[in-house]
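In: Sequence and predicted structure, then a few things I'm wondering about:
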Amino acid sequence: MTKTKKLDMELPKEGRFISSEFPILRENLTKIDQAMMEVEEKVDQKAPSKHTHSISEVADLEAALKGKMAADKTFSFADLSDIEGAQDAANNYVLYKASNNHFTFGSAISLLGSHQHKTEDIIGLDEFRAKLNEDLTAYGRLKQANEWQNYNKFTSKVTMSGGLELLGNSSLNLTHNNKVVISLSASGSLLKGPLKVDGDLVYAKTEVDAFQQEIWAEMRLLRKCIFNIPIEIKILESGKISWPNGVTDDAVVQVWAWGAGGGGDKTSGYGGGGGECVIRTLTRKEFYGHEDIVIGKGGHIENVNKNPRDGGNTTVGKQLIVAEGGKTATNAGCGRGGGITGGQGENVNKGISAGSSLYGGGGGSLGRGSRGNSVYGGGGGTYGRSPGLSEYGGRGGETGEKGKVPGGGGGYVADGGDGMVLLKIWL
């Protein structure tokens, strides 16, 4: 069964008896009539399409128009209720949307916040970089003067080809760890030492003055020694110094002290080492409290079947001067000369060659070994060869011969020579 869309009326159907259509038609006509009545009632409630009203007849129209702005009037952002801060915004501030659909003002930088740009996004960067490099290359060669002001920090190497000029009373200070190491000024300069030039130390004026005074003192002593003949006192026994008349506190006294020579050994056949020679130049007043002298005794052989003794040390005062004695020979090798620089024999086959020395005693020798000589110290003893010689000390002993005084080393199975003290006094 088919019906209309709006009023839901049943449509006629072919083949149906006419008597059946009448009730349906009657019902549909009733529905149409009812719908027409409702339309007429609604049309009666409407005004004609072309009609007018007076303003007084329009409710609240006059009040609404009074709240509106005149058509010929202009306004600013500050007049708008949803624009905040317009009156107080600084110049060059921009308008932006804030929360609650309100607008306010702020600086462009604050709106950007923390952000980054790619190098290729920066317009003109390459041209700026080229100009910057050009300026750096030309720096220092400007036509006008370059003036540094306030604090300038250099973190890399700085070179200058035209020199550095300090103007007026200016100074140049180089500091390291907050300490000035170089200070340059027209009134005076400071350099923290020690200073080296080509690897050699540079001495300060005070040091040079001290050296100069020492040199002058030595020259005065030397001239006094050359032009004045000294009094010589040879001391062979231990005891106190007996000063001759006329010796003042400032009198120059040169002390020559020899240690005793070491004894020669029978068992090994080695000669003893010569005693050391010590030379010092003093003044008489430096001997106060140091006037006792001990003469070292030569290394003695008490029994041919026992090793001999080392030569005794010769001392002046309380260790004011000490001349070491020569060492005895042992099965380990020849006797060593006295002192740090004393000659030393070596234990080798077919003869022992003894070392020589300048101030230390000469070493002892054996068989075909060469003798140990000394210039100032005692010569070394020997066995089967010529003994060690000394220009100022005693020579060493030959086989079975005692070393000569002062400080000669004993020959094979022989005692060493005693020590001695020689005083040279310039009045």
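Out: Everything's here; your move.

In: C-alpha from now on. contacts and neighbour counts both.
Out: OK.

In: Next up, the contacts around the residue lying closest to Gly317 once chain neighbours are set aside.
Out: Residue nearest to Gly317 in three dimensions, not counting chain neighbours: His290, with 3.5 Å by CA to CA, 6 or more residues apart in numbering. The neighbours of His290, taking CA atoms under 8 Å, 6 or more residues apart in numbering as the test, are Val316, Gly317, Lys318, Leu320.

In: Which element, helix or strand, includes His290?
Out: Assigned by DSSP states H and E, His290 belongs to neither a helix nor a strand.

In: Looking at the contacts of His290, which two lie furthest apart in space?
Out: By the measure CA to CA, the contacts of His290 have their two most distant members at Val316 and Lys318, which lie 6.6 Å apart.

In: Looking at those two, which has the bigger crowd around it?
Out: Shown here are Val316 and Lys318; by other CA atoms under 10 Å, Val316 has more neighbours (23 against 13).

In: now that one: how far from Glu291?
Out: Here Val316 is placed at a distance of 7 Å from Glu291 (CA to CA, to the nearest Å).

In: for Gly393, same thing?
Out: Relative to Glu291, Gly393 is positioned 23 Å away (criterion: CA to CA).

In: neighbour-wise, which of those two wins?
Out: Set side by side, Gly393 and Glu291 give different neighbour counts by other CA under 10 Å, the larger being at Gly393 (30 against 16).

In: Show me the domain layout of the protein.
Out: Listed by automatic domain parsing, the domain ranges of the chain are 1-45, 77-102, 231-427.

In: And those: which comes nearest Gly188?
Out: Shortest separation from Gly188 across those is recorded for domain 231-427, at 41.8 Å, computed as CA to CA.

In: For that closest one, measure first residue to last.
Out: Across its full length, domain 231-427 reaches 8 Å end to end, with CA to CA as the criterion.

In: does Tyr93 really touch Ser107, like I thought?
Out: Yes - with contact defined as CA atoms under 8 Å, Tyr93 reaches Ser107; the gap is 4.8 Å.

In: about what we covered before: can you add distance to Ala186 and mean pLDDT and give the domains of the chain back as CSV?
Out: As requested, those are exported to CSV (distance: least, CA to CA, whole Å; pLDDT from 0 to 100):
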stretch, distance to Ala186, mean pLDDT
domain 1-45, 115, 86
domain 77-102, 54, 75
domain 231-427, 47, 77
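
In: so how far is the longest helix along the chain from its chain's centroid?
Out: Taking residue count as the measure and DSSP state H as the definition, the longest helix of the chain comes out as helix 18-44. Centroid separation between helix 18-44 and its chain, computed with CA atoms, centre = their mean, to the nearest Å, is 117 Å.
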